[in-house]
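>>> Structure for the following, please:
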Amino acid sequence: MNEASRSRLAGFDPDALIGTLPSALRFFLAFLVLAGLLAALFLPRAQILSSGREVRLAIVPVDPRDLLRGDYVILNYAIGELNLTVLPGDDGFRRGDPAFVVL
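Next up, the predicted model:
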């Protein structure tokens, strides 16, 4: 900070500014700030839900039983398994190799 900005800030009292506002207006401003923060959390996801495209994937359910966790469900997706016999250039793919798909 330089000397000019320090001298400008020395005379600024934020309590004097807030103290002059009516209490109802201060409450309303605090409410607007909090509502804006909540909207910033939810609006991006709501926009995805409203304008996104639904993709339905075929699933293959596997129902394992675990001694510590009990019964639970693992879903395997059919899109996650490649049929290497129908892919061009399938000689380069091996089990466990990463593959990228454009949806």
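
>>> tell me the domain boundaries of this protein?
3-51, 59-92 (automatic domain parsing).

>>> I'd like to know which of those has the weakest mean confidence.
Among the domains of the chain, domain 59-92 has the lowest mean pLDDT, at a mean of 70.

>>> Check the secondary structure at Leu82 for me.
Judged by DSSP: H, G, I helix; E, B strand; the rest coil, the three-state class of Leu82 is coil.

>>> Could you check how far it is from Val60?
14 Å (Cβ to Cβ, to the nearest Å). (C-beta placed from N, C-alpha, C; glycine too.)

>>> Which one's more surrounded, those two?
Leu82 (14 against 11; other Cβ atoms under 10 Å).

>>> phi, psi of the more buried one?
Torsion angles at Leu82 (phi, psi; degrees, to the nearest 10) stand at phi -100, psi 140.

>>> And for Ile59?
phi -120, psi 150.

>>> residue contacts, it?
Ile59 is in contact with 75-78, counting by Cβ atoms under 8 Å, 6 or more residues apart in numbering.

>>> if we go to 10 Å?
73, 75-80 (Cβ atoms under 10 Å, 6 or more residues apart in numbering).

>>> Kindly reformat those as TSV containing distance to Phe42, secondary structure and neighbour count.
Shown next, in TSV, are the contacts of Ile59 (distance: Cβ to Cβ, whole Å; DSSP: H, G, I helix; E, B strand; the rest coil; neighbours: other Cβ atoms under 10 Å):
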residue	distance to Phe42	secondary structure	neighbour count
Val73	29	coil	9
Leu75	27	strand	10
Asn76	32	strand	12
Tyr77	28	strand	10
Ala78	33	helix	10
Ile79	29	helix	12
Gly80	31	helix	12
